[in-house]
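**Student:** Model the following, please.
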Amino acid sequence: MTTAAPADAAIGKRVEELDTPVLYVDLDALEHNVALMAQRSADAGVAWRPHVKASKTPELAKRILSGGAQGITCAKVGEAEAMVAGGVDDILIANEVVGSLKIARLVEVARQASRLCVAVDDPRNIEELSTAFSEAGLTLDVLVDINIGANRCGVTPEVAPTLAQQVLDAPGLNLRGLMGYEGHAVGISDLEEKEAVSAAAAEVFAEARRQVEAAGIEVGIMSGGGTGNYWFNIALGASNELQAGGGVLLDRTYEEKMRVPDHQQSLFIQAQVVSTAVAGRAVADMGWKGSGMHTGLPSVVSPPGVEVRGLNAEHTILTLDEGVTLNPGDRVTMVPNYSDSTMLLHRTLYATRNGVVEAAWPISAAGALQ
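**Tutor:** Okay, the predicted model is just below:
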């Protein structure tokens, strides 16, 4: 039985020599994006704690940390487990962690992390976290989650002082501040509207701080922001910690829909043509199982004159401009529509420079849904 070659065997090879479909990141573009987000945050006096729910890759997280980030943000306990196992140990889980099974795992992550923080928006959850961590002899950092317009999780500013005081009084917990995510703003394409919605969200967030401080409670961290509006978020002044992270990869959604400025595409998929049986069309060996498709289709960056018409489970259907010819075995390079929908489908991210593989990074948090 023949099996796939070990990922490390790819080091030193060109992308075109790897089996397809292959997911890779261009290190020059990645480093540009990391430096840009780190500098913009620093210039605004904001700490950068990028989300890794897209990349799911500890080695990529380490590159970001070495580029100026002060910690990372995860979506799930499973992501935090993968990150701390991979040597990344300053972690915010920007989510509520509820129930005995997940909290028991959270305690084990806390034993390994240098700093671990979660969001809360319910007094019962605060009680169960307090019980678990005090019994374990550990302390968990906590941010009170504020609903600043996304209408997902989070309480109103008026409720925030009560929850903040409960955290202060709870053994095993340490109040670090507040969290507010403007998910309703990041996807807006019109920049004037995006700025206005971001400003309204920032005012709600600032009001929550005022309410908590009026109750005599100190607020340290004000954490939030996504890639789709991060430049507005840090300029508006309500946040002092930025969670935006997907912009280090960029993709069609961030560039075309969210209109993220000055970043470079760094994440690519290369597939191989397997059929040209229909005139004006070619079929490649990557379908939605390799790229995702819930936000849309990937786009071809090379060769020119080729467009993605559709995705089946295992095939990309390509249309060819007049005069363009592809043959079985030819390579097609694409940019994912949305990196969040793509990274979790793969198990290795190849780090390349000038088309040559420098490293093979395990995507160890792929499948970390729990």
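**Student:** Please make it C-alpha for all contacts and neighbour counts, starting now.
**Tutor:** Noted.
**Student:** Mind jotting down where the helices sit in the chain?
**Tutor:** Taking DSSP state H, the helices of the chain run over residues 27-43, 58-66, 77-85, 100-112, 123-136, 160-169, 183-186, 191-214, 230-236, 252, 288-291, 339-343.
**Student:** Is it possible to get JSON lines of those helices that adds distance to residue 50 and mean pLDDT?
**Tutor:** Formatted as JSON lines, the helices of the chain follow (distance: least, CA to CA, whole Å; pLDDT from 0 to 100):
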{"stretch": "helix 27-43", "distance to residue 50": "9", "mean pLDDT": "98"}
{"stretch": "helix 58-66", "distance to residue 50": "8", "mean pLDDT": "98"}
{"stretch": "helix 77-85", "distance to residue 50": "13", "mean pLDDT": "98"}
{"stretch": "helix 100-112", "distance to residue 50": "19", "mean pLDDT": "98"}
{"stretch": "helix 123-136", "distance to residue 50": "24", "mean pLDDT": "98"}
{"stretch": "helix 160-169", "distance to residue 50": "24", "mean pLDDT": "98"}
{"stretch": "helix 183-186", "distance to residue 50": "15", "mean pLDDT": "96"}
{"stretch": "helix 191-214", "distance to residue 50": "19", "mean pLDDT": "98"}
{"stretch": "helix 230-236", "distance to residue 50": "11", "mean pLDDT": "97"}
{"stretch": "helix 252", "distance to residue 50": "19", "mean pLDDT": "95"}
{"stretch": "helix 288-291", "distance to residue 50": "23", "mean pLDDT": "97"}
{"stretch": "helix 339-343", "distance to residue 50": "14", "mean pLDDT": "96"}
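**Student:** Rebuild those helices as TSV, extending it with mean neighbour count and distance to residue 318.
**Tutor:** Converted to TSV, the helices of the chain look like this (neighbours: other CA atoms under 10 Å; distance: least, CA to CA, whole Å):
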stretch	mean neighbour count	distance to residue 318
helix 27-43	19	26
helix 58-66	20	31
helix 77-85	23	35
helix 100-112	17	44
helix 123-136	18	50
helix 160-169	20	52
helix 183-186	22	30
helix 191-214	19	32
helix 230-236	21	34
helix 252	20	17
helix 288-291	24	14
helix 339-343	22	19
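**Student:** looking at those helices, which is closest to residue 282?
**Tutor:** Taking CA to CA, helix 288-291 is the member of the helices of the chain nearest to residue 282, at 16.2 Å.
**Student:** my guess is residue 268 meets residue 338, correct?
**Tutor:** No - counting by CA atoms under 8 Å, residue 268 does not reach residue 338; the two are 11.0 Å apart.
**Student:** Kindly provide the distance from residue 234 to residue 44.
**Tutor:** 6 Å (CA to CA, to the nearest Å).
**Student:** show me what contacts residue 323?
**Tutor:** By CA atoms under 8 Å, 6 or more residues apart in numbering, residue 323 lies in contact with nothing.
**Student:** Mind pulling up the pLDDT for it?
**Tutor:** Looking at residue 323, its pLDDT is 95.
**Student:** Just read off the phi/psi values of it.
**Tutor:** With angles defined as degrees, to the nearest 10, residue 323 sits at phi 90, psi -10.
**Student:** Can you pull out the low-pLDDT segments for the stretch 201-350 of the chain?
**Tutor:** By pLDDT under 70, the stretch 201-350 of the chain contains no weakly predicted segment.
**Student:** Out of the helices of the chain, which is closest to residue 329?
**Tutor:** Among these, the nearest to residue 329 by CA to CA is helix 288-291 (18.0 Å).
**Student:** So which residues make contact with that closest one?
**Tutor:** Helix 288-291 has contacts (CA under 8 Å, 6+ apart) with 21, 269, 298, 311-316, 336-337, 341-343, 345-346.
**Student:** As a markdown table, the helices of the chain with distance to residue 364 would be great.
**Tutor:** Below are those laid out as a markdown table (distance: least, CA to CA, whole Å):
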| stretch | distance to residue 364 |
| --- | --- |
| helix 27-43 | 19 |
| helix 58-66 | 7 |
| helix 77-85 | 6 |
| helix 100-112 | 15 |
| helix 123-136 | 27 |
| helix 160-169 | 33 |
| helix 183-186 | 26 |
| helix 191-214 | 33 |
| helix 230-236 | 27 |
| helix 252 | 24 |
| helix 288-291 | 16 |
| helix 339-343 | 11 |
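**Student:** out of these, nearest to residue 354?
**Tutor:** helix 27-43 (8.3 Å).
**Student:** contact partners of the closest one?
**Tutor:** The contact list for helix 27-43 (CA under 8 Å, 6+ apart) reads 47-48, 64, 67-69, 231, 234, 242, 247-249, 263-266, 351-353.
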